[in-house]
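Student: Structure for this input, please:
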Amino acid sequence: MLLMGQTPRADASQEEGIPVTDPLVIAKCGSCHTRDERGNMERISWERTTPEGWQEALKKMLFEQRVEMTPAEARSMVRYLSASHGLAPEEARPVMYYPERRIQDEAGLAGEILMSGCTRCHAAARPLSWRRSLDDWKLLAGTHVAKYKVERNDEAIASLGQKAPLHTAEWDSWSTRKAAPNLAGRWLVTAHVQGRGTYVGDMLVESGTAPDEFTTRVTLHSIKDGSTVIRSGQALLFGGYAWRGRSRGANPTSSAPDDLSSEAREALWVSPDQSRAEGRWFWGQYQEFGFDVELKRASAGVTLLAVDRRALQIGLKAADIRLIGDKIPGQVTPADLNLGPGVNVRRIVSHTKSEIVAEVDVAANATSGKRDISLLGSVLKSAIAIYDRVDYIKVTPESSLAGFGDRKYSRGFEQFEAVGYQRGPDGRPHTADDLDLGPVDATWSMEVFYEVDSSHNDRVGAVSSTGLFTPAAENPGVNSDIWVIATAVNETKDGRALVGKGYVVVTIPEYTFNGRHYVRDLDRWIEEGTW
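Tutor: As a prediction, the model looks like this:
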């Protein structure tokens with residue numbers, strides 16, 4: 001009989017474990033996690049998780065002084081465990097927002113049982129980033145009951161056993177078809193920066209000193225204003241698909257918190273065939289700044305990357321539209337370009353190897369909705385919206401967190417964007433079928449909750465003309481709730497400008513137990529030089 005929180009023997013689980021074969025893991029972990037004749041190690045052989053999950057586990061062991069290791073040994077162990085005791089790409093993709101540090105509504109992912117259990121203390125993505133045997137889920141729950149004095153939730157344990165089991169068809173398949181890292185070469189990049197629009201360019205990837213290590217150099221150009229961003233970095237590919245890296249601008253242009261040359265962490269999901277990738281490069285006290293990126297391996301043929309406008313209004317005549325791509329041929333005709341039903345390409349105004357400007361008409365009887373754009377076999381899916389009116393604007397993110405600073409912590413900012421929408425076929429706004437029309441020009445203001453006027457706004461912070469909220473320099477020691485308000489410049493309804501609001505909690509710095517700085521130091525200590 002096991003006491004609460006007691007570790008079972010390796011043969012206690014009825015499920016088959018995953019043997020541990022790495023000599024370093026065996027040497028460092030074997031004194032606490034005994035190994036049986038089949039190579040199974042207590043706990044470890046009945047667990048799988050992401051690079052971040054294994055790094056967190058090692059940090060815990062280091063912090064509790066259960067093991068000693070060098071940074072190189074820690075990185076080696078995370079690499080092995082992420083490959084042999086990791087997640088399949090299909091398992092990791094639904095929870096990629098967690099290592100990407102995105103704000104995410106988890107209701108659809110977790111379900112009511114987990115939302116009433118695990119998410120009381122942390123994101124649902126944290127337990128769902130692990131795969132465990134049912135016995136191991138029970139043991140983890142027992143540890144929580146004993147250590148944190150929480151009530152045991154047998155429904156949540158059963159749900160996790162079903163949603164995140166140790167053995168899955170995805171893992172069995174990935175374990176046999178995993179390919180060696182082969183990312184060197186030229187990649188095409190499309191990136192969106194909140195409040196600044198779309199950037200396009202390329203990334204040159206070179207092999208590093210180890211097969212799973214790479215160096216990068218990225219050159220991006222803004223579609224909006226033509227400015228250029230050049231970044232270089234290094235990355236490691238965990239488990240054949242989990243890209244984790246760090247990069248920074250070649251020539252930082254300022255000390256502004258939203259400077260696009262800032263040092264950033266990179267978290268990308270690489271497709272199993274290693275032909276594309278998607279994810280985020282991010283920085284900031286709350287990881288609030290970043291590039292949302294998509295990568296495609298450069299090919300010998302034409303590749304469309306982006307379009308300079310997200311929407312065309314029904315009835316529009318002789319409108320110019322600019323398409324950015326790669327290896328566009330010397331001869332392009334209107335027949336080569338297709339923007340879907342109801343949109344007629346009148347002529348090609350100009351074109352180069354990387355850009356086409358076309359003149360188009362939108363029929364008066366065109367149907368609202370998303371359209372693909374295709375050019376000589378290359379397709380941008382749902383790249384442009386056809387619409388008749390803008391019904392409302394939404395401020396994104398709709399709810400967020402910013403933070404006052406102090407001597408130890410820098411301020412946490414938030415960049416907002418105003419997005420136009422047409423209500424969809426159901427005729428109701430703010431429903432799933434609404435049509436996203438892309439960013440709209442807006443003026444920005446803010447209101448503090450419970451204030452009858454705006455005279456005290458400066459005690460909380462200010463929002464810039466570009467939608468960047470900056471907390472006040474002095475920490476007042478209390479939280480504040482505010483609205484950040486966007487008023488559309490060109491979009492009206494019933495003669496009045498459209499208005500959208502974003503909710504922000506401006507909070508005091510993140511004070512926790514005295515070991516917090518030590519844990520952060522360990523985080524960098526493990527990651528230095530890799531991701």
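Student: Identify each buried residue in stretch 146-163, please.
Tutor: Applying a neighbour-count criterion of 16 or more other Cβ atoms under 10 Å, one finds 153, 156-157, 159-161, 163 buried in stretch 146-163. C-beta: built from backbone N, CA, C; applies to glycine.
Student: One more: stretch 379-399?
Tutor: Going by neighbour count (16+ other Cβ under 10 Å), the buried part of stretch 379-399 is 380, 383-387, 390-397.
Student: Now do stretch 424-443: distance to the chain's middle.
Tutor: Centre-to-centre, stretch 424-443 and its host chain are 23 Å apart (Cα atoms, centre = their mean, to the nearest Å).
Student: contacts for it?
Tutor: Outside stretch 424-443, the residues that touch it by Cβ atoms under 8 Å, 6 or more residues apart in numbering are 197, 309-311, 368-370, 385, 387, 390-393, 417-423, 465, 467, 486-491, 500.
Student: Check stretch 118-138 too.
Tutor: When contacts are defined by Cβ under 8 Å, 6+ apart, stretch 118-138 is touched by residues 8, 12-15, 17, 43, 46-50, 52-53, 87, 91-92, 94-95, 97-98, 104, 106, 109-110, 114-115, 140, 148, 150, 156-157, 160-161, 163-166, 168, 171.
Student: now the end-to-end length of that stretch.
Tutor: Using Cα to Cα, to the nearest Å, one end of stretch 118-138 lies 13 Å from the other.
Student: For it, buried residues please.
Tutor: By neighbour count on 16+ other Cβ under 10 Å, the buried set for stretch 118-138 is 118-119, 123-138.
Student: what do you get for stretch 288-301?
Tutor: Neighbour-count burial for stretch 288-301 flags 288-298 (criterion: 16+ other Cβ under 10 Å).
Student: what ranges do the helices span in this structure?
Tutor: 23-29, 51-63, 71-84, 89-92, 107-115, 125-128, 134-148, 154-163, 169-177, 516-527 (DSSP state H).
Student: mind checking which of those is nearest residue 218?
Tutor: Nearest to residue 218 among those is helix 516-527; the distance by Cβ to Cβ comes to 19.9 Å.
Student: pLDDT on the closest one, on average?
Tutor: Averaging pLDDT along helix 516-527 gives 48.
Student: go on, stretch 436-445?
Tutor: For stretch 436-445, mean pLDDT rounds to 96.
Student: do the same with stretch 32-41
Tutor: Taken as a whole, stretch 32-41 has an average pLDDT of 95.
Student: can you list contacts of it?
Tutor: Contacts for stretch 32-41 (Cβ under 8 Å, 6+ apart): 9-11, 17-21, 25-26, 29-30, 42-46, 66-67.
Student: ok, now with 7 Å
Tutor: Stretch 32-41 has contacts (Cβ atoms under 7 Å, 6 or more residues apart in numbering) with 10-11, 17, 19-21, 26, 29, 42-44, 66.
Student: Mind checking which of the contacts of stretch 118-138 are buried?
Tutor: The neighbour-count test (16+ other Cβ under 10 Å) marks 13, 17, 43, 46-50, 52-53, 87, 91-92, 95, 97-98, 104, 106, 109-110, 114, 140, 156-157, 160-161, 163-166, 168, 171 as buried among these.
Student: Could you list the low-confidence segments of the stretch 101-250 of the chain?
Tutor: 110, 115 (pLDDT under 70).
Student: Let's see that with 80 instead.
Tutor: For the stretch 101-250 of the chain, the stretches with pLDDT under 80 are 107-120.
Student: swap in the stretch 301-450 of the chain?
Tutor: Within the stretch 301-450 of the chain, the segments meeting pLDDT under 80 span 450.
Student: re the thing from before, looking at the contacts of stretch 32-41, spot the one nearest residue 211.
Tutor: Distance to residue 211 across the contacts of stretch 32-41 (Cβ to Cβ) is lowest for residue 21, with 18.0 Å.
Student: quick one: contacts for that closest one?
Tutor: Counting by Cβ under 7 Å, 6+ apart, residue 21 has contacts residue 39.
Student: Can you tell me the centre-most residue of this protein?
Tutor: Centroid-nearest residue in the chain, with Cα atoms, centre = their mean: residue 100, separated by 3.4 Å.
Student: could you measure that one against residue 287, distance?
Tutor: Per Cβ to Cβ, to the nearest Å, residue 100 is found 9 Å from residue 287.
Student: What's the ChimeraX syntax to select whichever of the contacts of stretch 32-41 are buried?
Tutor: Only the buried members of the contacts of stretch 32-41 end up in this ChimeraX selection, burial being decided by 16+ other Cβ under 10 Å:
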select :10,17,20,29,42,43,44
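Student: Quick check: beta-bridge partners of residue 47?
Tutor: Per DSSP bridges, the residues bridged to residue 47 are residue 132.
Student: what's near enough to touch it?
Tutor: Contact analysis of residue 47 by Cβ under 7 Å, 6+ apart lists 85, 130, 132, 136.
Student: Okay, the last one and residue 130: tell me how far apart.
Tutor: When you say that, I think you mean residue 136. Here residue 136 is placed at a distance of 9 Å from residue 130 (Cβ to Cβ).
Student: Select the longest strand from this protein.
Tutor: Secondary structure of the chain per DSSP state E: the longest strand is strand 480-493.
Student: list the buried ones in it?
Tutor: For strand 480-493, by 16+ other Cβ under 10 Å, it's 480, 482-488, 491.
Student: same check, this time on stretch 195-210
Tutor: Buried residues in stretch 195-210, defined by neighbour count with 16+ other Cβ under 10 Å: 195-203, 205, 208.
Student: Kindly report the same for stretch 167-180.
Tutor: In stretch 167-180, counting by 16+ other Cβ under 10 Å, buried: 168, 171, 174, 178.
Student: Alpha carbons of that stretch, as PDB, please.
Tutor: Output of stretch 167-180 as PDB, limited to C-alpha atoms (Å, rounded to 0.1, in the frame of the first residue of the first chain):
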ATOM      1  CA  HIS A 167       0.600   5.600 -25.000                       C
ATOM      2  CA  THR A 168      -1.000   7.100 -28.100                       C
ATOM      3  CA  ALA A 169      -1.100   6.300 -31.800                       C
ATOM      4  CA  GLU A 170       0.500   9.600 -32.600                       C
ATOM      5  CA  TRP A 171       3.500   8.900 -30.400                       C
ATOM      6  CA  ASP A 172       3.900   5.300 -31.700                       C
ATOM      7  CA  SER A 173       3.800   6.600 -35.300                       C
ATOM      8  CA  TRP A 174       6.200   9.500 -34.600                       C
ATOM      9  CA  SER A 175       8.700   7.300 -32.800                       C
ATOM     10  CA  THR A 176       9.200   5.200 -36.000                       C
ATOM     11  CA  ARG A 177       9.100   8.000 -38.600                       C
ATOM     12  CA  LYS A 178      11.100  10.800 -36.900                       C
ATOM     13  CA  ALA A 179      13.500  12.300 -39.400                       C
ATOM     14  CA  ALA A 180      17.000  13.600 -38.700                       C
END
